[in-house]
Every structure is written in structure tokens, then in C-alpha cells.
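Chemist: Predicted model and sequence follow; I will ask about them next.
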Amino acid sequence: MGLLVDGQWVDKWYDTTSTGGRFVRTVTRFRNWVTPDGAPGPSGQGGFPAEAGRYHLYVSLACPWAHRTLIFRALKKLEEVISVSVVDPFMGAEGWVFADHAAHRTEGATSDAVLGAKRLYEVYLAADPAFSGRVTVPVLWDRKRGTIVNNESAEIIRMLNSAFGAFTDDRHDYYPAALADEIDALNARIYDAVNNGVYKAGFATAQDAYEEAVAALFTMLDELEARLEGRSWLMGEALTEADIRLFTTLVRFDPVYVGHFKCNIRRIVDYPNLKRFVQALYALPGVKETVNLTHIKRHYYESHTTINPTGVVPVGPDMGWL
Ligand SMILES: N[C@@H](CCC(=O)N[C@@H](CS)C(=O)NCC(=O)O)C(=O)O
């Protein structure tokens, strides 16, 4: 685990000393958008028109943020349009590395088919040799311009939803204008309490910071359980990006966050509606193939040595209910 400082890799764990034991996520750096015609998107610069075979995703199958992009790629039927490289689940002293550089290869990890990089930070340096910041997945890479378009999952999924209409026959809109405000408002609350909330609980190094995060997390899960009573998805009968964003955290909850991040007041199997929601999303065509519980469990339990120094990965729980 580490980060780049002026183009140099530094092996360093998250610093919570200046924030009272609280984990504070840093702001994402590459913010350009792929659009149908290359016009600028909501942030960054233009010049990234949708094309088949031009863009490449770097993901980890363990990571809930990267997982969003893989699900969108599957649901929008963009597998032949956007290629993918998968890092090894173990994130050690060099950060994310590719399969050909991993100490113990895990099935499902790949090499970097575009740049032949051994470590993900080399991809960041290829985009900006003086880059400073965390080296995170997902990354959307542009083969033509040889740079990172965007490394913010929330934005990448919107591009996959709306920019590639000329290259897919899937017409489902996961962010319909009529629901946009409601989706944005719910996303923000789910992000804070759930998606990022589990990390705030797990990475807290002070009791009060941990307890605050866990309380907010379970208050929100209880609210979402009530919201899903009598409806299929968060917005009712329309499946939207809000559902995908919630799913990638919930599917990791029982196998990882309950134990490793101490989010253990209740499990997802204890919530009938949340459980049904996870099962229904998992059953959508193409989604099951994006869920890799081996990568998920190995990444968290083996990489976070400040939390789990032995690196021992638990055998359970039984996830047969998925
Ligand atoms: N805001 C980013 C966050 C991505 C993120 O934090 N990814 C984690 C993996 S789950 C990562 O790569 N962490 C490496 C690090 O922080 O050094 C997004 O949603 O795309």
C-alpha cells in the first residue's frame, strides 16, 4: 500500500493521525469524460469520443468502486467495445500489481494488455510522469491519446451508461432525467453512510470514529430495508445506477465488512429486503460473472495488515444464498 509523490512511489499506509483517527478519502484526479462526439463532459476537457476498441478499463475484482464499472460494462453489453485488465487481489508494498508480477497468482487476474505494466502505478505515470496521489482502481485508459480519461467510478459508470449508444443495442437508461435528482440525493447519502461508511468504520483508528461510522451505517441500512419493502429497486420498478452502487458494497458485506471492518451489528442475510435485492441484482444477466468472492476476501484480509496482521483469510461465511 502506498502512493505516488511527484512521480515517485512511496510505500505508506493511510495517515489518520491528523484527522482524529478518521479515514478521509482523497479527491479523484483524472476527470475527463468520454462522450458520443468528443464534446467535453461535466468536468475536464473534451477530445474523448466514444469508439470501439479505444478505451480500456483497469479494475480489481475485489474493489467495490471498480466493480461498479464492470457491472455497467456487462449490463450495457460493452464487453466487445471496452477491454479490461484485472489486477491481482493482493495489494502489497508496490500497491496494485498485475498477474505477471504477483507473488502468488490468483485466478482471474491478468497482465496489462495495453502497456505491459507490472504495477498499476506505472499506468498513472504513463499518463502523468509527475503524478502525486493514490493509485486507485478503476482507471479508464485511452489507447489513442495514451492517457487516463478518468479514475472516478461514479463518473465512469455514467459514461458507460450514456456515451456508447452507437456501439450497443442496450437502450436501458440507468440515470433517467426524470429520476436524476432523486438518484443523486440518495447516492450521496448511501455513499457517505454505506459505500464509504464501511471504510470509515474499518479504517478508523479511534473508538469514537469507528462507533460513529457504524451507527450511521446501520441507520442507513435500516432505512434502505424499509425503502425496499414492496418495491424491487431503490427507485421503485426502474433499475438505476443507485442500485448498482449499493449492490457492490452489499455483496461484500457479509464475507468481508462484518468481520474485517467490524460492521457486525447485523448481516445482509438478516435483512429480508436487502437480501432479496442482492439476490435479484446478482441474477441479472452478466452480473454473477463480475462477482469474485476469492478476490474480494483475499484482497481485504491479506492486504490490510494493520487490521489483520496474520493475513489469514476466513473460510466462511456460507454465501450459498447468493
Ligand atoms: N473515488 C474512487 C475510489 C477508488 C478506490 O478507492 N479504490 C481502491 C480500491 S477499493 C484503491 O484502489 N485503493 C488504493 C489506494 O487507496 O491506495 C472511485 O470511486 O473510483
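Modeler: Ah, there it is. For clarity, every value in this text was computed on a predicted model and none was experimentally measured.
Chemist: For the longest helix along the chain, which helices and strands make contact with it?
Modeler: The longest helix of the chain (DSSP state H) is helix 207-227. Packing contacts for helix 207-227, counted by 3 or more CB pairs under 8 Å, 6 or more residues apart in numbering; DSSP states H and E, involve helix 180-190, helix 197-203, helix 272-282. For the C-beta atoms, the positions are set from N, CA and C on the backbone; glycine is no exception.
Chemist: and this structure, what are its domains?
Modeler: Domains of the chain are assigned by automatic domain parsing as 2-167, 177-284.
Chemist: Can you get me the centre-to-centre distance for the first one and its chain?
Modeler: Spelled out, that is domain 2-167. Computed by CA atoms, centre = their mean, to the nearest Å, the chain-centroid distance of domain 2-167 equals 10 Å.
Chemist: Go ahead and confirm Ile148 touches Val139.
Modeler: Yes. If you go by CB atoms under 8 Å, Ile148 and Val139 touch, sitting 5.6 Å apart.
Chemist: Neighbour count for these two, which is higher?
Modeler: Val139 (27 against 21; other CB atoms under 10 Å).
Chemist: check contacts around that one.
Modeler: Applying CB atoms under 8 Å, 6 or more residues apart in numbering to Val139 gives the contacts Phe30, Leu57, Tyr58, Leu120, Val123, Tyr124, Ile148, Asn151.
Chemist: Among those, which lie within strands?
Modeler: Leu57, Tyr58, Ile148 (DSSP state E).
Chemist: Need those residues in a markdown table (columns: pLDDT and distance to the ligand).
Modeler: Putting those into a markdown table (pLDDT from 0 to 100; distance: CB to the nearest ligand atom, whole Å) gives the following:
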| residue | pLDDT | distance to the ligand |
| --- | --- | --- |
| Leu57 | 98 | 11 |
| Tyr58 | 98 | 10 |
| Ile148 | 98 | 12 |
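Chemist: what's the closest of the residues you listed to Gly259?
Modeler: Using CB to CB, Tyr58 is the member of those that sits closest to Gly259, with 28.1 Å.
Chemist: tell me the pLDDT at the closest residue to that closest one other than its chain neighbours?
Modeler: In space, and not counting its chain neighbours, Tyr58 is closest to Val139: 4.1 Å by CB to CB, 6 or more residues apart in numbering. Looking at Val139, its pLDDT stands at 98.
Chemist: And for Leu284, the neighbour number?
Modeler: Residues near Leu284, counting by other CB under 10 Å: 15.
Chemist: One more: Pro317?
Modeler: By other CB under 10 Å, 13 other residues sit near Pro317.
Chemist: Now do stretch 11-23, average pLDDT.
Modeler: 73.
Chemist: Can I get it as PDB, trimmed to CA atoms?
Modeler: The C-alpha coordinates for stretch 11-23 follow below in PDB (Å, rounded to 0.1, in the frame of the first residue of the first chain):
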ATOM      1  CA  ASP A  11       5.200   2.700   0.500                       C
ATOM      2  CA  LYS A  12       2.900   4.200   3.100                       C
ATOM      3  CA  TRP A  13      -0.400   3.200   4.900                       C
ATOM      4  CA  TYR A  14      -3.300   5.700   5.300                       C
ATOM      5  CA  ASP A  15      -2.400   8.500   7.700                       C
ATOM      6  CA  THR A  16      -5.200   9.100  10.200                       C
ATOM      7  CA  THR A  17      -3.100  10.900  12.800                       C
ATOM      8  CA  SER A  18      -4.100  14.400  11.600                       C
ATOM      9  CA  THR A  19      -7.900  13.500  11.400                       C
ATOM     10  CA  GLY A  20      -8.500  12.200  14.900                       C
ATOM     11  CA  GLY A  21      -8.400   8.500  13.800                       C
ATOM     12  CA  ARG A  22     -10.800   9.200  11.000                       C
ATOM     13  CA  PHE A  23     -10.300   7.800   7.500                       C
END
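Chemist: Next, the contact list for the most centrally placed residue in the chain, please.
Modeler: Centroid check for the chain by CA atoms, centre = their mean gives Trp65 as the closest residue, at 1.0 Å. Going by CB under 8 Å, 6+ apart, Trp65 touches Thr136, Val137, Pro138, Ser153, Asn195, Thr248.
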